[in-house]
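>>> kindly generate the corresponding structure for this input.
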Amino acid sequence: MNATRINEQTRETEIEAIRRVVATIEHSQNNELPEEFLGLFRPDAIWTTSGGRRLIGRDEISVFTHQVLPGGMKDSTVTFEVVHVLFIRPDVAAVKVRQLYRTPDGPSEGTPLFVMSKEDGRWRLTACQNTGVADS
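The predicted structure follows:
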């Protein structure tokens with residue numbers, strides 16, 4: 001099966017919209033804003049934490065986020081950089097991200113994969129795996 005191609009101008013527009021979602025993830029984590037973070041997910045989303053915990057649905061993601069985010073960024077910051085976008089279809093993208101946490105103990109790196117779907121004109125987190133980099 002061949003993925004539907006999109007023209008270059010549309011591709012760049014969609015990548016910029018995806019970057020804005022990733023920037024919102026960064027903002028919500030650095031500012032400990034669970035509701036802003038949760039608003040990025042589809043109701044039936046899947047999230048696997050860097051520790052391997054599987055969360056299914058926004059309700060489970062919400063419970064986890066409200067447990068770890070308040071206070072979780074004390075003395076820390078995180079940046080997210082979109083490093084690659086693969087359009088599976090024009091409305092579905094696999095987004096590879098470089099995540100860098102800076103803590104008093106030093107930096108650590110992650111390499112999340114966010115599968116995103118465009119619904120009602122808006123990119124949403126659909127299936128995400130937050131993987132740490134062992135050598136960081």
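>>> okay, CA-based contacts and neighbour counts for the rest of this
Noted.
>>> please enumerate the strands of the protein.
41-48, 54-56, 77-89, 92-103, 106-110, 113-119, 122-129 (DSSP state E).
>>> by mean pLDDT, show me the worst of the ones you listed.
Note on the strands of the chain: strand 106-110 shows the lowest mean pLDDT, a mean of 92.
>>> in that one, which residues are buried?
Ser108, Glu109, Gly110 (16 or more other CA atoms under 10 Å).
>>> the first one and Val21: what is the separation?
To tie it back to what came earlier, the one meant is Ser108. Look at Ser108 and Val21: by CA to CA, to the nearest Å, they are 22 Å apart.
>>> with the last one instead?
Gly110 sits 17 Å away from Val21, taking CA to CA as the criterion.
>>> check Ser117 too.
From Ser117 over to Val21 (counting by CA to CA), the distance is 12 Å.
>>> hmm, who's touching stretch 36-47?
21, 24-25, 28-29, 54-59, 61-62, 123-130 (CA atoms under 8 Å, 6 or more residues apart in numbering).
>>> what is the end-to-end distance of it?
Using CA to CA, the end-to-end distance of stretch 36-47 comes out at 16 Å.
>>> next one: stretch 92-112
OK, stretch 92-112 end separation, CA to CA: 16 Å.
>>> buried sites along that stretch?
Buried residues in stretch 92-112 (16+ other CA under 10 Å): 92-100, 102, 108-112.
>>> try stretch 62-77
Those would be Ser62, Thr65, Leu69, Met73, Thr77, for stretch 62-77 by 16+ other CA under 10 Å.
>>> figure out how far it is from the centre of its chain.
Between the centre of stretch 62-77 and the centre of its chain there are 15 Å (CA atoms, centre = their mean, to the nearest Å).
>>> contacts for that stretch next, please.
By CA under 8 Å, 6+ apart, stretch 62-77 touches Gln29, Asn30, Asn31, Glu32, Leu33, Pro34, Leu38, Tyr101, Arg102, Thr103, Pro104.
>>> list the beta-bridge partners for Cys128.
Trp47, Phe114 (DSSP bridges).
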